[in-house]
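Novice: Sequence plus predicted model, see below.
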Amino acid sequence: MINLQSRKSTNFENLENEISKLKSKEIQSFFSVFIDKYINLDKTYGFTESFDEDFIFEQLNNNNGIGSLAYIPFGVKDVFNTKHLPTSMGSELWNGFKAGNNARVIDNILLNGGIVFSKTTTAEFAVHFISPGKTLNPYNINHITGTSSSGSAVAVACGALPISLGTQTAGSIIRPASFCGIYGFKPSFGAIDRTGVLKTNDTFDTIGFLSADIYGIQKSFSHLFQNGKDYPYSNLFFENLEKYKKKNSKFKIGLIDSSIDIIKNFSNEVMTDFEVVKNILAKSYDLFDIDGIDFLNDIHLIHEEMYSKSLSYYFKNEMKQTQKVSKIMVEMIKKGEEITAEHYINIAQKQPFLIRKMNKIFEDLDFIIIPSTATPAPKIGCNEIDDTCLIWTFLGYPSITIPLFTDNNNLPFGLQVISKKFDDFALLEFSEKLQKIFN
């Protein structure tokens, strides 16, 4: 059923308005209450990897309240270097490690007046394994939260924070956001500088946001993406937004049909709700099945091999202490070690070829829509069902999940909207339109 409202989360825009009305002497008392709420929610849902109350007040004391993100508390997935808080990357091997520097995006948050509030729990090396009892789903603690960026998702979903940083190499932003009933945005590949962030794959890793509202994503992205003369492609973001605003004809929205094998994984309940959405949108937009995209069926295997090979390269040292590495991580790394350099080069060369092929097809489209996940969150101990998330990551396209649905058990799942690379601002504005349609 369609149910856009998230009953638990802390709205970014409302919090910003509330903070803007405070006098400087009221900021600390406001955050004292905010911190108490955060701590109590963390005790229930277990989404924090590290947290330092003194560090928060130190930032508040040094904050002049002028920046575009003034006093906004950000959760930070524990794969981003932070100078003051440990960066353990979900690993027993790196427990308590301090990088001594900030990732570039962290410095940009601080320059814009934001608050680095906490490090949120991540899967081991942002891959699959997450410690039992961590990141409990606020909608039903017996159901999973989607592993890698799940700490960031849960912190937002339960109302502890308005926004958090995440990363996506396969589906690690979109999937936790869908399972936890919040907004998740994976920008175009390379839109946000990855300096100082754990690397697991050179051509997949993407920084993004999990938020209680689209406004928070729009504002944060507009101030944190790479913009300026050192990033010449950044002009494309603004040029494409102007093209979007000037377009008078109906937007063309593509649909993925059953020629893509992965669609057969989607549950009847998910597809039934999606059919309702399509019927509503067809009144305002041109919707049609996309032809000639069966080549997308190859992407899951290529992604798996490229990912495993890159893990075997980046985590050679960790494999010297396999007793402190999860079984699933060891298996993926061993699989990667079996892939020859020649085979890796061969499959890696397919990525730009497939991107160009899909770009050509996307020329006749404005957006693609599809359910974010094949099902609502499975029960703990059950496997996640493959969906299309990693396809859009592989292709470098921006995508967003809108928390549009709940199933008969009140578990949420999202509607995913995808656009062409560098159409991020247009994607966010269009998603805001969709939000209003279903409100």
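Specialist: That came through fine.
Novice: Which positions within the helix or strand hosting residue 393 qualify as buried?
Specialist: If you go by DSSP states H and E, residue 393 is part of helix 389-395. The neighbour-count criterion (16 or more other CB atoms under 10 Å) identifies 389, 390, 391, 392, 393, 394, 395 as the buried residues of helix 389-395. C-beta coordinates here come from the backbone N, C-alpha and C atoms, glycine included.
Novice: Over to stretch 66-84?
Specialist: Using 16+ other CB under 10 Å as the test for burial, stretch 66-84 gives 67, 69-83.
Novice: and if you look at stretch 427-439?
Specialist: Residues of stretch 427-439 classed as buried: 427, 428, 430, 431, 434, 435, 438 (neighbour count, 16+ other CB under 10 Å).
Novice: Just put these in CSV and tack on distance to residue 339.
Specialist: Below are these laid out as CSV (distance: CB to CB, whole Å):
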residue, distance to residue 339
427, 34
428, 37
430, 39
431, 37
434, 40
435, 42
438, 44
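Novice: Filter these down to the ones in helices?
Specialist: Among the buried residues of stretch 427-439, the members found in helices (DSSP state H) are 427, 428, 430, 431, 434, 435, 438.
Novice: who are the neighbours in contact with the second one?
Specialist: The neighbours of residue 428, taking CB atoms under 8 Å, 6 or more residues apart in numbering as the test, are 185, 214, 217, 218, 221, 400.
Novice: Next step: these restricted to helices.
Specialist: 214, 217, 218, 221.
Novice: Out of those residues, which is nearest to residue 3?
Specialist: residue 214 (16.6 Å; CB to CB).
Novice: so where do the strands sit in the stretch 201-350 of the chain?
Specialist: Using DSSP state E, counting those that start in this stretch, the strands of the stretch 201-350 of the chain run over residues 206-211, 252-255, 286-289.
Novice: Give me the pLDDT for residue 68.
Specialist: You'll see residue 68 listed with a pLDDT of 95.
Novice: Three-state assignment for it, please.
Specialist: At residue 68 the chain is in coil, as set by DSSP: H, G, I helix; E, B strand; the rest coil.
Novice: Surely it is in contact with residue 111?
Specialist: No: using CB atoms under 8 Å as the test, residue 68 is too far from residue 111 to be in contact (9.6 Å).
Novice: Just the buried residues of stretch 332-350, please?
Specialist: Per 16+ other CB under 10 Å, stretch 332-350 contains these buried residues: 332, 333, 335, 336, 339, 344, 347, 348, 350.
Novice: so where's the stretch 201-350 of the chain shaky on pLDDT?
Specialist: 248 (pLDDT under 70).
Novice: now the residue nearest to residue 294 when sequence neighbours are not counted: how far from residue 131?
Specialist: Counting by CB to CB, 6 or more residues apart in numbering, residue 294 lies nearest to residue 259, which is 5.0 Å off, once chain neighbours are set aside. Here residue 259 is placed at a distance of 40 Å from residue 131 (CB to CB, to the nearest Å).
Novice: on that earlier part again, out of the buried residues of stretch 66-84, which one has the lowest pLDDT?
Specialist: Minimum pLDDT for these is recorded at residue 67 (93).
Novice: who are the neighbours in contact with that residue?
Specialist: 111, 112, 113, 114.
Novice: Report the separation between it and residue 16.
Specialist: 12 Å.
Novice: With residue 390 instead?
Specialist: Residue 390 is 33 Å from residue 16, where distance means CB to CB.
Novice: Likewise for residue 285?
Specialist: Counting by CB to CB - residue 285 and residue 16 are separated by 31 Å.
Novice: swap in residue 62?
Specialist: Distance from residue 62 to residue 16, counting by CB to CB: 19 Å.
Novice: Looking at these two, which one has more neighbours?
Specialist: residue 16 (17 against 8; other CB atoms under 10 Å).
Novice: any idea how far the more buried one is from residue 211?
Specialist: Separation of residue 16 from residue 211 (CB to CB): 12 Å.
Novice: Which strand residues bridge residue 120?
Specialist: residue 48, residue 77 (DSSP bridges).
Novice: most packed of the strands of the stretch 201-350 of the chain?
Specialist: strand 206-211 (a mean of 29; mean count of other CB atoms under 10 Å).
Novice: about what we covered before: determine the residues that are contacts of both of residue 16 and residue 211.
Specialist: Between them, residue 16 and residue 211 share no contacting residue, judged by CB under 8 Å, 6+ apart.
Novice: Which parts of this structure belong to which domain?
Specialist: Using automatic domain parsing, the domain ranges for the chain come out as 12-234+370-438, 245-295+352-362, 297-346.
Novice: what's the burial count for residue 142?
Specialist: What residue 142 shows, counting by other CB under 10 Å, is a neighbour count of 10.
Novice: State the three-state secondary structure for residue 191.
Specialist: coil.
Novice: re the thing from before, ranking by neighbours, what's the top pick from the contacts of residue 67?
Specialist: Using other CB under 10 Å as the neighbour test, the contacts of residue 67 are led by residue 114, with 24 neighbours.
Novice: Now it: phi and psi?
Specialist: According to degrees, to the nearest 10, the main-chain angles of residue 114 amount to phi -70, psi 160.
Novice: In space, what's closest to it - neighbours in sequence excluded?
Specialist: Excluding its sequence neighbours, the residue lying closest to residue 114 (CB to CB, 6+ apart) is residue 69, at 3.9 Å.
Novice: if I look at the one you found, how far off is residue 156?
Specialist: Counting by CB to CB, the gap from residue 69 to residue 156 is 16 Å.
Novice: again, but for residue 63
Specialist: Noted for residue 63: a distance of 22 Å to residue 156, by CB to CB.
Novice: same question, residue 237
Specialist: 24 Å.
Novice: who's more crowded, the two?
Specialist: When neighbours are counted by other CB under 10 Å, residue 237 and residue 156 differ, and residue 156 comes out ahead with 36 against 24.
Novice: Confirm the more buried one sits in a strand?
Specialist: No: assessed with three-state DSSP, residue 156 is helix; it does not lie in a strand.
Novice: I'd like the contacts of residue 67 written out as JSON lines, with secondary structure and distance to residue 422 added.
Specialist: Shown next, in JSON lines, are the contacts of residue 67 (DSSP: H, G, I helix; E, B strand; the rest coil; distance: CB to CB, whole Å):
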{"residue": "111", "secondary structure": "helix", "distance to residue 422": "24"}
{"residue": "112", "secondary structure": "coil", "distance to residue 422": "22"}
{"residue": "113", "secondary structure": "coil", "distance to residue 422": "27"}
{"residue": "114", "secondary structure": "coil", "distance to residue 422": "25"}
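Novice: Looking at the residues you listed, which is nearest residue 23?
Specialist: Of all the contacts of residue 67, residue 113 has the smallest distance to residue 23: 16.5 Å, by CB to CB.
Novice: got the residue ranges for the helices in the stretch 301-439 of the chain?
Specialist: 327-337, 341-348, 350-362, 389-395, 424-438 (DSSP state H, counting those that start in this stretch).
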